[in-house]
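Participant: Sequence plus predicted model, see below.
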Amino acid sequence: MPTPDRTSVDAIVRAGQDILESAGIAGLTMQAVADRVGVRAPSLYKRVRNRDDLVRLITEATIRDLGERLAVIVAGSDPRRELAELARAFRAFAHARPRGYQLIFAPRSDLAGPSIVLTHAVEPVLRVTANLAGEDHALDAARTLTAWANGFVSMELAGAFKLGGDVDQAYEYGIARLADALAR
């Protein structure tokens, strides 16, 4: 009689995400994940090829989580408000899951091409930017918004804003200026 499964890929990925946030990428080991899900480390290899595969799965799950957070932005008649809500949700996600967020934008060859996960995560951004900038410029506007928000948030998480002032106010200022710039 075969032994029952004691864990799943989902449980392994969730454990990996938790370990990543608490111990960083260096603390994300197969042994740490095995301990967290209650199996011996060799058992993980039945579900995950290796640590690189685990990091890829965690990155994909984090992209999916971000996409779900952005997808709740309700389409309405005010694309500037939608853009602001989207940018705030993006920033809130990065603050809640900073190490997972960093994985999303880290250079990775195994996530180089468009994937279903990435496509779903980008859909809310494209919808909002299409409403604001028009269908012909939606992708350019989405790239501009993402680049600005990622740059701002990455600098913020790194503690790079050392000149004083209100960082929240600066983010809101940036959102408003971006909305002005992208509007048709």
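Facilitator: Perfect, thanks for sending it. Residues are numbered from 1 along each chain as shown.
Participant: And the worst-scoring helix or strand of the chain on mean pLDDT, what does it pack against?
Facilitator: Ranked by mean pLDDT, DSSP states H and E, the weakest helix or strand in the chain is helix 41-44, scoring a mean of 90. Helices and strands touching helix 41-44, as assessed by 3 or more Cβ pairs under 8 Å, 6 or more residues apart in numbering; DSSP states H and E, comprise helix 30-37. (Glycine included, C-beta is placed from N, CA and C.)
Participant: What residues sit buried inside the helix it packs on?
Facilitator: Using 16 or more other Cβ atoms under 10 Å as the test for burial, helix 30-37 gives 30, 32-34, 36-37.
Participant: Next, count neighbours for Asp78.
Facilitator: 12 (other Cβ atoms under 10 Å).
Participant: Which residues are in contact with it?
Facilitator: Neighbour list for Asp78: empty [criterion: Cβ atoms under 8 Å, 6 or more residues apart in numbering].
Participant: Going forward, the N-terminal residue is numbered 12.
Facilitator: With 12 as the first residue, the last one maps to Asp89.
Participant: what distance separates stretch 18-29 from the centre of its chain?
Facilitator: When distances are taken as Cα atoms, centre = their mean, to the nearest Å, stretch 18-29 is centred 17 Å away from the chain's centroid.
Participant: now the helices for this structure?
Facilitator: Along the chain, counting by DSSP state H, helices occupy 20-38, 41-48, 52-55, 62-82, 90-107, 109-116, 127-144, 149-168, 178-193.
Participant: circling back: just the closest of the buried residues of helix 41-48 to Ala107, please.
Facilitator: Closest to Ala107 out of the buried residues of helix 41-48 is Arg47 (19.6 Å), distances taken as Cβ to Cβ.
Participant: Going by distance to Thr157, which of the buried residues of helix 41-48 wins?
Facilitator: For the buried residues of helix 41-48, the nearest to Thr157 is Val44 (30.0 Å; Cβ to Cβ).
Participant: The closest one is in contact with Gln28, isn't it?
Facilitator: No - applying Cβ atoms under 8 Å as the test, Val44 and Gln28 come out as separate, 10.0 Å apart.
Participant: Show me the shaky parts of the protein.
Facilitator: Along the chain, the parts satisfying pLDDT under 70 run over 12-16, 120-125.
Participant: In PDB, list the C-alpha atoms belonging to the least confident helix or strand of the chain.
Facilitator: The C-alpha trace of helix 52-55 is given here as PDB (Å, rounded to 0.1, in the frame of the first residue of the first chain):
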ATOM      1  CA  ALA A  52      14.000  17.200   3.100                       C
ATOM      2  CA  PRO A  53      14.300  14.400   0.500                       C
ATOM      3  CA  SER A  54      10.500  14.200   0.400                       C
ATOM      4  CA  LEU A  55      10.300  17.700  -1.100                       C
END
